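[1] I would like to see how this sequence folds:
(2 chains)
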Number of protein chains: 2
Amino acid sequence: MKAVGVVVEYNPFHNGHLYHMEQSKIQTNADVSIAVMSGHFLQRGEPALVDKWHRTKMALLNGIDIVIELPYVFSTGNATHFSQGAIQLLDAINCDTFAFGSEQGTIQPFLSTYSLLEKNKEQYNTLIKQFVTTGVSYPQSLYMAYEKLKQKEPGEYIDLSQPNNILGYHYIEAANRLKLSIKPVTIQRIQAGYHDSIDCDSTIASATGIRKAIFEHQAIEEIAAYVPPATLLQLEDWKTKYNTFISWELLWPLLRFAILRNTPEQLTHFADMTEGIEFAIRKAAKKSDTFAEFMVNLKSKRYTWTRLQRMVTHIYTGITREQLHQFSEPTYIRLLGMTSKGQAYISENKKHFKLPLISRVASTKDPMLELDIRASDMYAQCINLASNQKINGDYNTPPIRIQV
Amino acid sequence: MKAVGVVVEYNPFHNGHLYHMEQSKIQTNADVSIAVMSGHFLQRGEPALVDKWHRTKMALLNGIDIVIELPYVFSTGNATHFSQGAIQLLDAINCDTFAFGSEQGTIQPFLSTYSLLEKNKEQYNTLIKQFVTTGVSYPQSLYMAYEKLKQKEPGEYIDLSQPNNILGYHYIEAANRLKLSIKPVTIQRIQAGYHDSIDCDSTIASATGIRKAIFEHQAIEEIAAYVPPATLLQLEDWKTKYNTFISWELLWPLLRFAILRNTPEQLTHFADMTEGIEFAIRKAAKKSDTFAEFMVNLKSKRYTWTRLQRMVTHIYTGITREQLHQFSEPTYIRLLGMTSKGQAYISENKKHFKLPLISRVASTKDPMLELDIRASDMYAQCINLASNQKINGDYNTPPIRIQV
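    The predicted structure is shown next:
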């Protein structure tokens, strides 16, 4: 069986994801689709709307055959780290190809761009340094250096100012650097812009827009046009059980407690903290009653919103720099769920997997996995949930099986 | 002006406390009474029912002239440490005497007991060791060694199985060891037993019984017979503002979060943690939905309830062994409140105080004080308080002044 891999958060799974997954299978002629999905904390430094089990069900009910977890170490990392972990895992589970969405929509310009930048690595770095020295900002210097190289060697290259092109470039860069056998394919994105609100004339909306609509209206029906029925079902199941969706706003009393419980010096030990920010974080936490207020009080030109959210993610989960940066590569394939077809694929290919497959957490000791379990524990500490309902933990939740 | 000192928690101030304070003034012929009061976390490893500001008002409205704070370092310490900090502070603020309640009721047997044990220190320790070696429990060995010494030198000694006698003994021991000029006086307790429930035929009940009644009935009227009107007023004011009283049960979601956010290894760094308990604490936290469940799951013969509660207090406040044990003596006198007479005493005696008097926290840098501020911050993190009400912090609360 031939497998195509996709890198996802499914927060939540929407019509754009459905299109991407279907095209991935068609364009690669794959029998099986495998998603490597972030667990409870995501790349932009946010907790997922609903837990990884509900998001796994959304994936499986919508046509994905196997869902494996992108460990916390990578799911909360920067683009380079995130991409490397994801592509290595898809390669480890023997995917022939991985398919990513991009604004570009064709693969050759990605490969040309990669060759151009690899071949001229030194000159590229020198150019960047030159621009930075003249007072140009770092992102702008990157852009200008890239433009210079393109002029020198004309060809068809990608537009590196588009967010999905950038991520795609990092996937390809990781696959090449690690000399993986997995091959890239790209699907033209038909989705709305990354942060766009939902639009009444379309059936495609960004996940950000969908989450915004859910939180603003606290009603799932609002987003029915933009997500497949199986997503709606899972969101309804979650809402019935827990009465609320998960956001930083909900976790804010715990996050504030975690921040104020540490001295500035102690705060510096958490992952991704940069020097000096510890004072600003404590000060902002002291005077803020909500997460929104906190972020407004904390935000400055020096750090992006994402960067700050990633820092507070690690403070929230209590994961230190030392704990996070002891790992450079995934050490296991964590199975979150599978269809019967996915199960057949695993039986057939298991002996060729490049990493051990973990179905039951309880029987495994792995320091990277311990951070995933910790992240799940911390995610499940939400207060204000409907009484007597607990969010599932890693120890008591076996892989989800769907008969399709 | 002559001052008498008392060591208190006032959690809350009740009729037994009123009697003790009045007798203290009468029996020492003092013009002024000074209370050294624990802040937000108490000796039995519990958060106070209401904050230190409300408890200060109770004290001042009921006849105490000056309230100073027993720093967190001592207020959460064992009997030796607690007593030493308290007596040193009363001495530092120039009290002529300190008056403690005891089952004994007369001071001479305390002094005889102290002489007996001091004079025979070596023999006492040898006897204890002998009994322990034969398999007798440590507290029982202490008792048996003490009985042996008493037989050797007959005289009038105290019964060291009574909780208030024990505490009184520690006060006297601290005053002697440190060669303080402050003199001890004891007042016969007329209070109910330490843990007794309230009793309809009496106007005296233990603070434990009173708290129990408050939590069981969630109605302050229930305790009206056992506390002075000023206490009732302060409790009502608190209830109106915050809608609930503070207990471990209320803080449980935050405490559990704090426990689970640390690896067992990290837990060992908090103050008072003994080896091996970190695993039991995490395990009990994982499976407990309430603090009561947690304690039942955690309790074993090896540790007393108080000992366990003190450990989790330090986990809750995030205070490490290193932070707590860097101090052996108080470094300041923190003024929480005063009456006009108290103010006159301070003006008259300030230059003779043995430690600096702190009225405004914002203008002081002191590492011991920083732990008090941290404890207040953590105490104020309670969730589920009536909306828009914040518990006062140390920075924005000046000493309370009462005109009487």
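
[2] Which parts of the stretch 151-300 of chain A are helices?
    According to DSSP state H, counting those that start in this stretch, the stretch 151-300 of chain A carries its helices in the segments A:163-177, A:207-217, A:229-242, A:248-260, A:264-267, A:277-287, A:291-298.

[3] can you confirm A:Ser376 is in a helix?
    Yes - assignment of A:Ser376 by DSSP: H, G, I helix; E, B strand; the rest coil places it within a helix.

[4] residue contacts, it?
    The contact partners of A:Ser376, by CB atoms under 8 Å, 6 or more residues apart in numbering or on different chains, come to A:Gly39, A:His40, A:Asp51, A:Lys52, A:Gly393, A:Asp394. No exception for glycine: its C-beta is placed from N, CA and C like everyone else's.

[5] A:Ala380 is in contact with the fifth one, correct?
    Yes - in this structure, A:Gly393 sits in contact with A:Ala380. The criterion is CB atoms under 8 Å, and the distance is 6.1 Å.

[6] Can you show me the strands along chain A?
    Remark: strands assigned in chain A by DSSP state E are A:3-8, A:32-38, A:66-70, A:97-102, A:183-188, A:333-339, A:357-358, A:400-402.

[7] Including distance to A:Glu222 and mean pLDDT, could the ones you listed go into JSON lines?
    What follows is those, written out as JSON lines (distance: least, CB to CB, whole Å; pLDDT from 0 to 100):
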{"stretch": "strand A:3-8", "distance to A:Glu222": "23", "mean pLDDT": "98"}
{"stretch": "strand A:32-38", "distance to A:Glu222": "24", "mean pLDDT": "98"}
{"stretch": "strand A:66-70", "distance to A:Glu222": "26", "mean pLDDT": "98"}
{"stretch": "strand A:97-102", "distance to A:Glu222": "24", "mean pLDDT": "97"}
{"stretch": "strand A:183-188", "distance to A:Glu222": "27", "mean pLDDT": "96"}
{"stretch": "strand A:333-339", "distance to A:Glu222": "27", "mean pLDDT": "97"}
{"stretch": "strand A:357-358", "distance to A:Glu222": "37", "mean pLDDT": "96"}
{"stretch": "strand A:400-402", "distance to A:Glu222": "27", "mean pLDDT": "91"}
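
[8] Tell me who's in contact with A:Thr331.
    A:Thr331 makes contacts with A:Leu355, A:Asp366, A:Met368, A:Leu369, as judged by CB under 8 Å, 6+ apart.

[9] burial of the residue found closest to A:Arg44 once you drop the neighbours it is linked to in the chain, as a residue count?
    The shortest distance from A:Arg44 to any non-neighbouring residue, by CB to CB, 6 or more residues apart in numbering or on different chains, is to A:Thr306 (4.9 Å). A:Thr306: 13 surrounding residues under other CB atoms under 10 Å in any protein chain shown.

[10] Compute the first-to-last residue distance for stretch A:335-344.
    14 Å (CA to CA, to the nearest Å).

[11] what sits up against that stretch?
    The contact list for stretch A:335-344 (CB under 8 Å, 6+ apart) reads A:1, A:31-32, A:34, A:37, A:52-53, A:56-57, A:59-60, A:64-69, A:346, A:357-359, A:399-404.

[12] likewise stretch A:218-228?
    Under the criterion CB under 8 Å, 6+ apart, residues A:12-15, A:18, A:61-62, A:198, A:200, A:202-205, A:209-210, A:213-214, A:232, A:235-236, A:239 lie in contact with stretch A:218-228.

[13] Now do the end-to-end distance for it.
    Per CA to CA, the first residue of stretch A:218-228 is 19 Å away from its last.

[14] Distance-wise, check A:Tyr226 relative to B:Leu61.
    Here the distance between A:Tyr226 and B:Leu61 works out to 62 Å (CB to CB, to the nearest Å).

[15] Check A:Glu69 too.
    When A:Glu69 is compared with B:Leu61 (using CB to CB), they lie 59 Å apart.

[16] The two - which one has more neighbours?
    A:Glu69 (28 against 20).

[17] In contact with A:Glu69, which residues?
    Here A:Glu69 is in contact with A:Val36, A:Met37, A:Ser38, A:Gly39, A:Lys52, A:Arg334, A:Leu336, A:Asp372 (criterion: CB under 8 Å, 6+ apart).

[18] Bridged to it, which residues?
    In this entry, A:Glu69 is beta-bridged to A:Met37, by DSSP bridges.
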